[in-house]
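Enquirer: Pasted the sequence and its predicted model underneath.
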There are 2 protein chains.
Amino acid sequence: MPTPKLSREEVVHRLTRAFRAFGFDEASLAKLSDATGLGRSSLYHYFPEGKDQMARAVLDAARAWLADNLVVPVSAADTPADKMARAREALGRFYENGQAACFLELFALGGAQAAMGEAVAQDMRAVQGLFTSIAESAGHCGEDAKARGELALVVVQGALVVARGGGDVSVFERALARLPQILLD
Amino acid sequence: MPTPKLSREEVVHRLTRAFRAFGFDEASLAKLSDATGLGRSSLYHYFPEGKDQMARAVLDAARAWLADNLVVPVSAADTPADKMARAREALGRFYENGQAACFLELFALGGAQAAMGEAVAQDMRAVQGLFTSIAESAGHCGEDAKARGELALVVVQGALVVARGGGDVSVFERALARLPQILLD
DNA sequence: GTCTATAGGAAGATAGAC
DNA sequence: GTCTATCTTCCTATAGAC
């Protein structure tokens, strides 16, 4: 059948779900095949370089999503409180309210560390920079804003870990609720 | 040679280093063999049930270490500030000042999740409970102490993630330095 | 208690028909 | 573009000599 079953965008979306659910190492080609509904060979048609390329595509899509849905709205907001609200809303959606793991935990710690660790680290620094800019917009400057940005990132990442580890998603909501205090007050 | 090369304790210690460095999935028996200096078959002599049993032994040893070096000293301390100082010192050693990953990230997210996720979750709740008790000893009560305990755990776990992901260990030191404010003030 | 050798299976990746 | 079949490699685990 020379007609594609799925758009590349949809394939990447399904791969994202699978990588988030299983992590890099555990996401075998068999599972990726199930998750996408495509045979292994079809996946290699979309991604000739194999599993690494699939993971890179997932990371690139996540970066683009964050640029559109986090960075742009926050930058466009007028007041610090508005920036904060938009960031919180975007993060809640990105992490599916704590149900979805961060790529960092999944990629930077497993077998993908060598191949993709730097890309994930860059994204993380970008989010930290955004947090710092929100703190600066609230009147905190220099080292103080930087420390607040770092703490905000730490709290978000830690909440994802604790939520998954303890099986209690509400930890993540409470962490997001703390961000205004951390960045603005 | 019917004479053991290593004590079981030393074997577990070396396994701990290997599991922390590679995670559960990536710690192949070949790597565990290298890390211990024992052949694969010798490892199976110590742990007939295989890799899962090795990981359980590592977790049990970690639990015992935390009981002796974190829980007992903190419980024995007189003042809240003293409890805090002892907890901070023990956590710094347990995580090797941020260089060592938490077992949670490594075990609860990888292939060991089904087998050992609950054990790790229990340890995590125990540490959170200890944090909460420190907050209570400082005069915070009920929900407030619980919220502080949760935030402390979130910050510690998040700092480990960010430190490893960004390659900057100093994040962890700064996180530990924030604990007194989180739990006591 | 340690070793060498190997069984048995699953992984990632490829070949070629349609 | 998708499929079935297969290759190679690496994995966990076991068998049996010493």
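Expert: Looks like it came in fine.
Enquirer: For chain A, what lies in contact range of chain B?
Expert: With C-beta under 8 Å from any C-beta of the partner chain as the criterion, chain A comes near chain B at residues A:23, A:25-26, A:101-102, A:104-106, A:108-111, A:117, A:120-121, A:124-125, A:147, A:150-151, A:153-159, A:161-162, A:164-167, A:171, A:174-175, A:178. In short, each C-beta sits where N, CA and C put it, glycine included.
Enquirer: Now intersect the residues you listed with the helices, please.
Expert: Counted as lying in helices by DSSP state H, out of the residues of chain A next to chain B, are A:23, A:25-26, A:117, A:120-121, A:124-125, A:147, A:150-151, A:153-159, A:161-162, A:164-166, A:171, A:174-175, A:178.
Enquirer: and A:V169, backbone torsions?
Expert: With angles defined as degrees, to the nearest 10, A:V169 sits at phi -70, psi -20.
Enquirer: Quick check: chain neighbours aside, which residue is closest to it?
Expert: A:G98 (4.3 Å; C-beta to C-beta, 6 or more residues apart in numbering or on different chains).
Enquirer: do A:K146 as well
Expert: Nearest residue to A:K146, sequence neighbours excluded (C-beta to C-beta, 6+ apart): A:T132, at 5.5 Å.
Enquirer: got the buried residues for the helix or strand containing that neighbour?
Expert: If you go by DSSP states H and E, A:T132 is part of helix A:113-137. Of all the residues in helix A:113-137, those buried under the rule 16 or more other C-beta atoms under 10 Å in any protein chain shown are A:113, A:116-117, A:119-121, A:123-125, A:127-128, A:130-137.
Enquirer: repeat for stretch A:53-62
Expert: Applying a neighbour-count criterion of 16+ other C-beta under 10 Å, one finds A:54-59, A:62 buried in stretch A:53-62.
Enquirer: Dump those residues into TSV; add pLDDT, distance to B:P73 and secondary structure as well.
Expert: Below are the buried residues of stretch A:53-62 laid out as TSV (pLDDT from 0 to 100; distance: C-beta to C-beta, whole Å; DSSP: H, G, I helix; E, B strand; the rest coil):
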residue	pLDDT	distance to B:P73	secondary structure
A:M54	96	48	helix
A:A55	95	43	helix
A:R56	95	46	helix
A:A57	96	49	helix
A:V58	96	44	helix
A:L59	94	43	helix
A:A62	95	42	helix
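Enquirer: export these to TSV and tack on distance to DNA strand D?
Expert: Below are the buried residues of stretch A:53-62 laid out as TSV (distance: C-beta to the nearest atom of the strand, whole Å):
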residue	distance to DNA strand D
A:M54	13
A:A55	19
A:R56	19
A:A57	14
A:V58	17
A:L59	22
A:A62	23
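Enquirer: Need the residues you listed in TSV (columns: distance to B:K5).
Expert: Output for those, formatted as TSV (distance: C-beta to C-beta, whole Å):
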residue	distance to B:K5
A:M54	43
A:A55	40
A:R56	44
A:A57	47
A:V58	45
A:L59	44
A:A62	47
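Enquirer: residues in contact with A:F22?
Expert: By C-beta atoms under 8 Å, 6 or more residues apart in numbering or on different chains, the contact set of A:F22 is A:K31.
Enquirer: A:L130 versus A:A67, what's the distance?
Expert: Between A:A67 and A:L130 the distance is 10 Å, computed by C-beta to C-beta, to the nearest Å.
Enquirer: try A:P48
Expert: Distance from A:P48 to A:L130, by C-beta to C-beta: 34 Å.
Enquirer: And A:A175, how far from B:A152?
Expert: Using C-beta to C-beta, we find A:A175 at a distance of 12 Å from B:A152.
Enquirer: quick one: least confident helix or strand in chain A?
Expert: Lowest on mean pLDDT, DSSP states H and E among the helices and strands of chain A sits helix A:103, with a mean of 86.
Enquirer: any idea how far the closest residue to A:F24 other than its chain neighbours is from DNA strand D?
Expert: Distances taken as C-beta to C-beta, 6+ apart put A:A112 closest to A:F24, at 4.1 Å, once the chain neighbours are dropped. Note on A:A112: its distance to DNA strand D, by C-beta to the nearest atom of the strand, to the nearest Å, is 15 Å.
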